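> Dropping a prediction and its sequence here:
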Amino acid sequence: MSATPGWCLRLKVQPEFRVDFGGVLPLRLAAMTADEIARLPLRHGNDMRAMGALFDIMPVEGAAAAVPGGQTEPGPQLRLEGDLSRVDAIGQGLEGGMLRVDGDVGDRLGLAMRGGEIRVRGRAGELAGCEMAGGRIEVAGDVGDFAAAARPGSMDGMRGGTLIVHGNVGARCGDRMRRGTVVLHGDAGDFLASRMVAGTIAVAGRVGEHCGYGMRRGTLVFAGPQPPAPPTFVATQHDIAVFWALLRRSLAYHGGLFASLPAPAPRRLVGDLAVDGKGEWLLPGSG
């Protein structure tokens, strides 16, 4: 497949205040000239700043963007370079194309995205993958609280797509999650999968307190250290051999501990019974 056009935005200077990057997306910028991009207004604290005042703008040749299922779709690419820890809402509402970030990013990475792919070679702030409905986010470093969760006041968290974190995640990851897959190669903070409704979360590291609090449905896979079972989760004797074979195969794609999950069906716990929940914990190696 031939290369597709794209833009590289390189941060000139660290902004004094937080910058709202919402609406700056590969598909939108692909139809614009460098001068048009430079004039785009960005909210900087309580004021507005032109894109060109904060970023150097350079054309690049982008590659085809990956989508779930191992296929590819042609689309423009947007690359961001620099310490963007004060830049929020990167990839908000993304529907297609590839967004690459070489550096740290702020809060709300990929908020409500529906397609395309985001790759971050750094850390991300709070609410990464919040209420995303499709696409793929991969973060090389740590991620803050409320990843793949719901915004304050919202009833629905992550609704689809895939979030992969190679570092650690903060508290309330997967809160009110309804669909999709979260793969955590590091540790997770308190209240992992709290109030989870559906979807899959696989974690290779340690988890904090109150894991699965208020969990109603969905699946938690513990590839590494296995937490003690809370009293509101009970063991079952259901035959899940076929389901486990399929799930194990799909998780192996992500490497690390997920590539060596044992073949025998794992021990299975169901809860949170305090809310009449039917969520499941899968504990490989203890079946």
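Good, I have the coordinates.

> Give me the residue ranges of the stretch 1-150 of the chain where confidence is low.
Counting by pLDDT under 70, the low-confidence segments of the stretch 1-150 of the chain come to 1-4, 61-74.

> Can you show me the helices along it?
Along the stretch 1-150 of the chain, counting by DSSP state H, counting those that start in this stretch, helices occupy 26-30, 34-38, 51-54.

> again, but for the stretch 151-287 of the chain
With DSSP H, counting those that start in this stretch as the criterion, the stretch 151-287 of the chain has helices at 241-252.

> Low-confidence stretches in it?
In the stretch 151-287 of the chain, residues with pLDDT under 70: 286-287.

> Can you report how many residues lie near the residue lying closest to residue 110 once chain neighbours are set aside?
Once flanking residues are discounted, residue 110 sits nearest to residue 91: 4.4 Å by CB to CB, 6 or more residues apart in numbering. Glycine gets a C-beta too; all of them are placed from N, C-alpha and C. For residue 91, the tally of surrounding residues (other CB atoms under 10 Å) stands at 31.

> Identify the residues contacting residue 91.
25, 99, 109-111, 113, 116, 118, 137 (CB atoms under 8 Å, 6 or more residues apart in numbering).

> What's the separation between it and residue 114?
11 Å (CB to CB, to the nearest Å).

> if we can go back for a sec, any idea which of the helices of the stretch 1-150 of the chain gets closest to residue 148?
The closest of the helices of the stretch 1-150 of the chain to residue 148 is helix 26-30. By CB to CB, the value is 22.1 Å.

> Counting by contacts, list what the closest one packs against.
strand 4-11, strand 77-81 (3 or more CB pairs under 8 Å, 6 or more residues apart in numbering; DSSP states H and E).

> can you list contacts of it?
Residues contacting helix 26-30 (CB under 8 Å, 6+ apart): 5-7, 37, 62, 75-78, 94-99, 116.

> Show me how far it is from its chain's centre.
Mean C-alpha position of helix 26-30 versus that of the full chain (CA atoms, centre = their mean, to the nearest Å) differs by 22 Å.
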